[in-house]
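Visitor: no letters, just coordinates:
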């Protein structure tokens, strides 16, 4: 997964923290998370068509999924990335 954030503002740092917690709870050991600061690496944001931050891309397994905006809501993130909650039956 690739998370695009806007600098080191408190909201960006909180988004990274919450997203890591969600991944550890629901896809432990089955994910890689790359953090991209759109101010430091605007070429990556442009390449991936990022128009707003924060935006999270799930690159694999395909198809690619993306979710933008408020990433602090665990249920919204899981639905947006099509990841089953650890509490849901598989």
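Guide: Arrived safely, thanks for sending. Model, not experiment: these values are computed from the prediction.
Visitor: check which helices and strands the helix or strand where residue 25 lies is in contact with.
Guide: When secondary structure is defined by DSSP states H and E, residue 25 falls within helix 10-26. When contacts are defined as 3 or more CB pairs under 8 Å, 6 or more residues apart in numbering; DSSP states H and E, helix 10-26 sits against strand 2-5, helix 74-81. For glycine as for every other residue, the C-beta is placed from the backbone atoms N, C-alpha and C.
Visitor: to residue 12, which of these lies closest?
Guide: Taking CB to CB as the measure, the helices and strands packed on helix 10-26 were each checked against residue 12, and strand 2-5 came out nearest at 3.9 Å.
Visitor: spatially central residue in the protein, please.
Guide: Among the residues of the chain, the smallest C-alpha distance to the mean C-alpha position (CA atoms, centre = their mean) belongs to residue 56, namely 3.2 Å.
Visitor: partner residues bridging that residue?
Guide: For residue 56, the beta-bridge assignment (DSSP bridges) gives partners residue 3, residue 67.
Visitor: ok, now how distant is it from residue 63?
Guide: Between residue 56 and residue 63 the distance is 15 Å, computed by CB to CB, to the nearest Å.
Visitor: repeat for residue 80
Guide: If you go by CB to CB, the gap between residue 80 and residue 63 works out to 13 Å.
Visitor: these two: who's more crowded?
Guide: Counted by other CB atoms under 10 Å, residue 80 and residue 63 do not tie: residue 80 has more neighbours, with 17 against 8.
Visitor: contacts only, for the more buried one.
Guide: For residue 80, the residues meeting the contact criterion (CB atoms under 8 Å, 6 or more residues apart in numbering) are 56, 65, 66, 67.
Visitor: filter the residues you listed down to the buried ones, ChimeraX style.
Guide: Selection command for ChimeraX covering only the buried members of those, criterion 16 or more other CB atoms under 10 Å:
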select :56,66,67
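Visitor: make TSV out of the contacts of residue 80 and add distance to residue 30 and pLDDT.
Guide: Rendered in TSV, the data for the contacts of residue 80 read as follows (distance: CB to CB, whole Å; pLDDT from 0 to 100):
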residue	distance to residue 30	pLDDT
56	16	94
65	15	89
66	19	91
67	18	93
